[in-house]
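Asks: this one's structure only:
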């Protein structure tokens, strides 16, 4: 089995945003869920000249899952509650390792 990093990308969500459906989705994954992750906030970008900027990619959080290949990883995401937030909310999937 391979590991895949899920990056939740989209508009900023308020601190009190509902995470309804997430616990059930995590439970459904069972042993394929390696790390449910955490929300990301207050990001900063470090530039090559040493300067910093608050202009960062719009990442809202991450998770780490296990799957046999990218196709299986994508199939596990079909009913992810994050995607139900609408246009502008996506999940990027990266093979780790």
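Replies: Cool, got the structure. Remember, predicted model here, so these are calculated numbers, not experimental data.
Asks: Do a quick rundown of the helices in this protein.
Replies: Taking DSSP state H as the criterion, the chain carries its helices at 22-29, 70-76.
Asks: buried set for the longest one?
Replies: Buried residues in helix 22-29, defined by neighbour count with 16 or more other Cβ atoms under 10 Å: 25, 29. For every residue, glycine as well, the C-beta is placed using N, CA and C.
Asks: Excluding its own residues, what touches it? List them.
Replies: The contact list for helix 22-29 (Cβ atoms under 8 Å, 6 or more residues apart in numbering) reads 33, 36, 65, 76, 79-82.
Asks: related to what we said a few turns ago, of the helices of the chain, which is nearest residue 48?
Replies: Nearest to residue 48 among these is helix 70-76 (31.1 Å), distances taken as Cβ to Cβ.
Asks: And that closest one, what's buried?
Replies: Result for helix 70-76 [16+ other Cβ under 10 Å]: buried residues 73, 76.
Asks: and the two most separated of the contacts of helix 22-29?
Replies: Maximum pairwise distance among the contacts of helix 22-29 (Cβ to Cβ): 16.0 Å, between 36 and 79.
Asks: So for the two, which residue has more residues nearby?
Replies: For the pair residue 36 and residue 79, the greater number of neighbours falls to residue 36 (15 against 12), based on other Cβ atoms under 10 Å.
Asks: what residues does stretch 84-91 touch?
Replies: Residues outside stretch 84-91 that contact it (Cβ under 8 Å, 6+ apart) are 6-11, 13, 21, 77, 80, 82-83.
Asks: Among these, name the buried ones.
Replies: By neighbour count, with 16+ other Cβ under 10 Å, the contacts of stretch 84-91 hold 6-10, 13, 77, 80, 82 as buried.
Asks: closest to residue 46 among these?
Replies: Among the buried ones among the contacts of stretch 84-91, and counting by Cβ to Cβ, the member closest to residue 46 is residue 7, at 18.6 Å.
Asks: Excluding covalently adjacent residues, which one is nearest to that closest one?
Replies: Nearest in space to residue 7, with sequence neighbours left out and distances taken as Cβ to Cβ, 6 or more residues apart in numbering, is residue 92 at 4.4 Å.
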